[in-house]
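> next input, structure requested:
(one chain, ligands or ions: 1)
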Amino acid sequence: MEIPYTKMHGLGNSYIFLDLFSFSVEESVLVELAKKVSDINTGIGSDGLILIHPTAAADVGMRIFNKDGSEGKNCGNGLRCVAKYAFENNLVNKTQFVIETRAGNVTAEVFLDGDVVEEVTVDMGKPTLNRRGIPMLGNDETVISEAFEVSHHPLELTAVSMGNPHAVFFVEDIDEAPLYDLGPLITNDERFPEGVNVEFIEIISETEMHFRVWERGSGVTQACGTGACAAAVASILNGYAQKDTEICVHLSGGDLFIKWAADGRVWMRGKAETTTTGTFYWKR
Ligand SMILES: N[C@H](CCC[C@H](N)C(=O)O)C(=O)O
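Below is the predicted model:
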């Protein structure tokens, strides 16, 4: 099977993109294909697979599959790449358009340098904060700096969904964050029935933070756009930052700018880059 693809990344969070406006792939092979293309040795190498597909519900649709083949419902870095791809490949003929995700529709706006998309802003919509909406076991309250012990480590959890679940923890020193020790335990913790993306945050100021992530289904990645949104929301919920102010989130792969507006909607601004295009020869 010869599969045309484009590899793109948002701050080093890379995906293999398939353009289903001009190519079709069977639903039944997607999980296996996501694992295959993500593998650096026998595939292409990425944090997962993203489909850009036609949809009656929006200008373009996006589906994201993690490195382990599991399907996520949203992907901030992926959305900025989809917006860049859609504009540069004439899937849309405007600079502001709607992208359908499994978590609902979002609006993206591309900003050009010549005829190349340099930066993308996405209105990510409103976060979900009640436990059942995360989803997380327990009463249907919000989870803000709640005691959360894992493997005898006492932590304080703030839970936020951006259409996908995030467990946010604040640490004094980001370089001491227990990302590799506790990330894999928390992501599969039974208190999160659908698993969870795990973020460790070091607050620098009201408008700046350091950020590391263990992603559900992909492990440690260079960046996570929905995670950065969740981190900004969590920092405001805990009184470390303010609404209506752009917060610079320093991820391993670069900076994202997040604002939780007074109307409750979360805005994400950042770059998206094309790495390469090619053909993946898949011997099933
Ligand atoms: N890297 C993505 C998030 C992937 C989320 C996925 N790991 C899941 O929710 O299962 C981002 O930039 O938002």
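> how about the residues of the chain by the ligand?
Residues of the chain found near the ligand (CB under 6 Å from any ligand atom) are 13, 66, 72, 75-78, 164, 197, 215-218, 221, 224-227. Yep, even glycine has a C-beta here, placed from its N, CA and C like the rest.
> among the residues you listed, which lie within helices?
Judged by DSSP state H, those include 76, 77, 78, 225, 226, 227 as members of helices.
> farthest pair within those residues?
Longest distance between any two of those is 12.3 Å, between 78 and 227; criterion CB to CB.
> and residue 52, what's its pLDDT?
For residue 52, the model assigns a pLDDT of 98.
> that one and residue 1, how far apart?
19 Å (CB to CB, to the nearest Å).
> repeat for residue 135
For residue 135, the distance to residue 1 (CB to CB) stands at 36 Å.
> so for these two, which residue has more residues nearby?
residue 135 (18 against 11; other CB atoms under 10 Å).
> now do the contacts for the more buried one.
If you count contacts by CB atoms under 8 Å, 6 or more residues apart in numbering, residue 135 has them with 161, 165, 192, 193, 194.
> any idea how far apart the tips of stretch 219-233 sit?
22 Å (CA to CA, to the nearest Å).
> again with stretch 62-74
Using CA to CA, the two ends of stretch 62-74 sit 8 Å apart.
> so residue 265 sits right up against residue 127, yeah?
No. Residue 265 lies out of contact with residue 127 (CB atoms under 8 Å); the separation is 9.2 Å.
> the two: which has the busier surroundings?
A direct count of neighbours by other CB under 10 Å for residue 265 and residue 127 places residue 127 higher, at 22 against 15.
> so which residue is smack in the middle of the chain?
The chain has residue 75 as the residue nearest its centroid, 3.3 Å off, counting by CA atoms, centre = their mean.
> re earlier: let me have the contacts of residue 135 in CSV, adding pLDDT and neighbour count as columns.
Converted to CSV, those look like this (pLDDT from 0 to 100; neighbours: other CB atoms under 10 Å):
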residue, pLDDT, neighbour count
161, 98, 27
165, 98, 26
192, 98, 20
193, 98, 12
194, 98, 13
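> ranges for the helices of the chain?
Remark: helices assigned in the chain by DSSP H are 30-38, 76-88, 179-187, 225-237.
> make JSON lines from those helices and add mean pLDDT to it.
JSON lines is the format used below for the helices of the chain (pLDDT from 0 to 100):
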{"stretch": "helix 30-38", "mean pLDDT": "98"}
{"stretch": "helix 76-88", "mean pLDDT": "98"}
{"stretch": "helix 179-187", "mean pLDDT": "98"}
{"stretch": "helix 225-237", "mean pLDDT": "98"}
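> Throw those helices into TSV and include mean neighbour count, thanks.
What follows is those, written out as TSV (neighbours: other CB atoms under 10 Å):
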stretch	mean neighbour count
helix 30-38	20
helix 76-88	27
helix 179-187	18
helix 225-237	28
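> just put these in JSON lines and tack on distance to residue 249.
Below are those laid out as JSON lines (distance: least, CB to CB, whole Å):
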{"stretch": "helix 30-38", "distance to residue 249": "24"}
{"stretch": "helix 76-88", "distance to residue 249": "11"}
{"stretch": "helix 179-187", "distance to residue 249": "16"}
{"stretch": "helix 225-237", "distance to residue 249": "4"}
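> which among these is found nearest to residue 170?
Nearest to residue 170 among the helices of the chain is helix 225-237 (7.9 Å), distances taken as CB to CB.
> give me the angle between the closest one and helix 76-88.
Computed by axes from the mean of the first three to the mean of the last three CA atoms, to 10 degrees, the angle separating helix 225-237 from helix 76-88 equals 130 degrees.
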